[in-house]
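J.: curious how this folds, go ahead:
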Amino acid sequence: RLHSLSGVFPIGAFLVEHMFSNSFIALGPKAYNSQIAFLQGLPCVLWLEVFFIYIPILYHAFYGFYVMFTGKSNLAWYPYRANILYTLQRWTGIISFIYIAYHAYHTRGVKLLYGTEVSYERMASIMANPKVFVFYLVGLAAVMFHFANGIWGFLISWGITVGPKSQKISGFLCTAIGIVLFVTGANALIHLVK
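T.: Predicted coordinates for the structure are as follows:
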């Protein structure tokens, strides 16, 4: 249960904030750079990142790998919706981990190692490579599916949605959340390559 909780808070909360901040890309370089400067200017920003982003993501990822490698998938024998979602959750977790590691290196890693600041211009130069752009779209889709399906699973495992009707409704709501966040992120990426 702690694993599912970490996916909603703090990781999910950070993801929503991250998509909100990235939405400033659509307003142009000045707006996005101002938003980044605001975030980087927060007191104790490095400690906030370590304790509310890096450690929770690493815990969530490595425990997720443990679950994946010790769990038994029965998708081949029982190709039901729940088994398909279970399998997709594991595969999108792997894709998300690779994507997040790549993204973290090219944003925070290069700042810590070389002093390179995150900016609209930096992100646009990264997105100028069509292969990287496609990689980001695929990674973004994986993250949003993993997050939305994870919320749905969280609601079930924590006893919030116990019946079939509430699970169906929450499934629609979680799907909508995933789509809205994906569209927000994809819109930012598209604005970087215009």
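
J.: any regions of this structure where pLDDT drops low?
T.: For the chain, the stretches flagged by pLDDT under 70 are 75-78.

J.: do a quick rundown of the helices in it.
T.: Remark: helices of the chain, listed N- to C-terminal, are 2-8, 11-22, 29-40, 45-49, 55-70, 81-104, 110-114, 120-127, 130-157, 164-192; assignment by DSSP state H.

J.: got the angle between the longest one and helix 120-127?
T.: Comparing the axes of helix 164-192 and helix 120-127 via axes from the mean of the first three to the mean of the last three Cα atoms, to 10 degrees yields an angle of 100 degrees.

J.: residues of helix 164-192 that come out buried?
T.: Using 16 or more other Cβ atoms under 10 Å as the burial criterion, the residues of helix 164-192 that qualify are 170-171, 174, 177-178, 181-182, 184-185, 188-189, 191-192. (C-beta placed from N, C-alpha, C; glycine too.)

J.: can you check the fifth one too?
T.: Buried positions in helix 55-70, judged by neighbour count with 16+ other Cβ under 10 Å: P56, I57, H60, A61, G64, M68.

J.: who's in contact with that helix?
T.: Under the contact criterion Cβ atoms under 8 Å, 6 or more residues apart in numbering, helix 55-70 has outside partners H3, S6, G7, P10, I11, R90, G93, I94, F97, I100.

J.: ok, of those residues, which come out buried?
T.: Of the members of the contacts of helix 55-70, the ones counted as buried by neighbours, 16+ other Cβ under 10 Å, are H3, S6, G7, P10, I11, R90, G93, F97, I100.
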